[in-house]
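>>> Have a look at this prediction, sequence included:
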Amino acid sequence: MRQVLFDELDEIRQKLLNAADEVKENAYNPYSKFYVGAAILTDDDLVITGANVENVAYGSTICAERMAIGRANAMGKRIFKSMAIIARGENTDHKKVTGPCGACRQMIFEFSCLSGKDIEIIMSNTRKDKIIISTIRELLPMAFGPVGLGVSIEEYVN
Ligand code: THU
């Protein structure tokens, strides 16, 4: 895990972070008023975004990260290089950096198993003056994956 400056990110990662920042404003969040945006960078440098969608039955809520993964899959994209995440509270949580929840870490890890490569996770506050870079394997140590079940997911690589 390391902290970087926005200017130290390459152009595509700056674009990724800005896409996550922008899409968070589309959060459907009447219950928490928490705005989360996620942006996936695919192996062919496509940026695919997602925002959190809440539900009155709270447990039915889906996080921004999993929304982005679902959109990517629907587009036939499953090989991810990176994911950027930005969140804010109702008023302005500008200083805080938000990491992906446990369920999202597990879901991201699935696609790391699919590609056979680690996935970079870029987490930033909304001011973009605190940016932490990690990877899904660092964020989910001793993860449970398809190998644990003895299942091959190879045929889903696209
Ligand atoms: N949320 C995300 O979208 N991603 C996370 O990693 C953390 C939580 C959303 C779910 C819910 O809509 C709101 O933030 C508060 O938990």
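Yep, it's here.

>>> And the contacts of the helix or strand bottoming out on mean pLDDT in the chain?
Lowest by mean pLDDT, DSSP states H and E among the helices and strands of the chain is helix 146-149, with a mean of 95. Helix 146-149 has contacts (C-beta atoms under 8 Å, 6 or more residues apart in numbering) with 110, 113, 152-153. C-beta coordinates here come from the backbone N, C-alpha and C atoms, glycine included.

>>> Next up, the contacts around Ala143.
Ala143 is in contact with 105-106, 109, 137, counting by C-beta under 8 Å, 6+ apart.

>>> ok so it is a strand residue?
No - with DSSP: H, G, I helix; E, B strand; the rest coil as the criterion, Ala143 is assigned coil and is not in a strand.

>>> quick one on the thing from earlier: out of the contacts of helix 146-149, which sit inside helices?
110, 113 (DSSP state H).

>>> show me which of the contacts of helix 146-149 neighbour the ligand.
Among the contacts of helix 146-149, no residue sits close to the ligand (C-beta under 6 Å from any ligand atom).

>>> now the strands for this protein?
2-4, 35-42, 47-51, 80-88, 120-124, 131-135 (DSSP state E).

>>> how about a markdown table for the ones you listed, with mean pLDDT and distance to the ligand added?
Listed next are the strands of the chain as a markdown table, based on pLDDT from 0 to 100; distance: least, C-beta to the nearest ligand atom, whole Å:
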| stretch | mean pLDDT | distance to the ligand |
| --- | --- | --- |
| strand 2-4 | 98 | 19 |
| strand 35-42 | 98 | 3 |
| strand 47-51 | 98 | 8 |
| strand 80-88 | 98 | 7 |
| strand 120-124 | 99 | 10 |
| strand 131-135 | 98 | 13 |
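
>>> For Arg127, which non-adjacent residue is closest in space?
Nearest non-adjacent residue to Arg127, counting by C-beta to C-beta, 6 or more residues apart in numbering: His94, 4.8 Å away.

>>> burial of the one you found, as a residue count?
His94 is flanked by 13 other residues according to other C-beta atoms under 10 Å.

>>> Against the ligand, how distant is it?
16 Å (C-beta to the nearest ligand atom, to the nearest Å).

>>> returning to that earlier point: can I get the strands of the chain in JSON lines including distance to Ala72 and mean neighbour count?
Putting the strands of the chain into JSON lines (distance: least, C-beta to C-beta, whole Å; neighbours: other C-beta atoms under 10 Å) gives the following:
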{"stretch": "strand 2-4", "distance to Ala72": "24", "mean neighbour count": "11"}
{"stretch": "strand 35-42", "distance to Ala72": "5", "mean neighbour count": "25"}
{"stretch": "strand 47-51", "distance to Ala72": "4", "mean neighbour count": "23"}
{"stretch": "strand 80-88", "distance to Ala72": "7", "mean neighbour count": "25"}
{"stretch": "strand 120-124", "distance to Ala72": "15", "mean neighbour count": "23"}
{"stretch": "strand 131-135", "distance to Ala72": "18", "mean neighbour count": "18"}
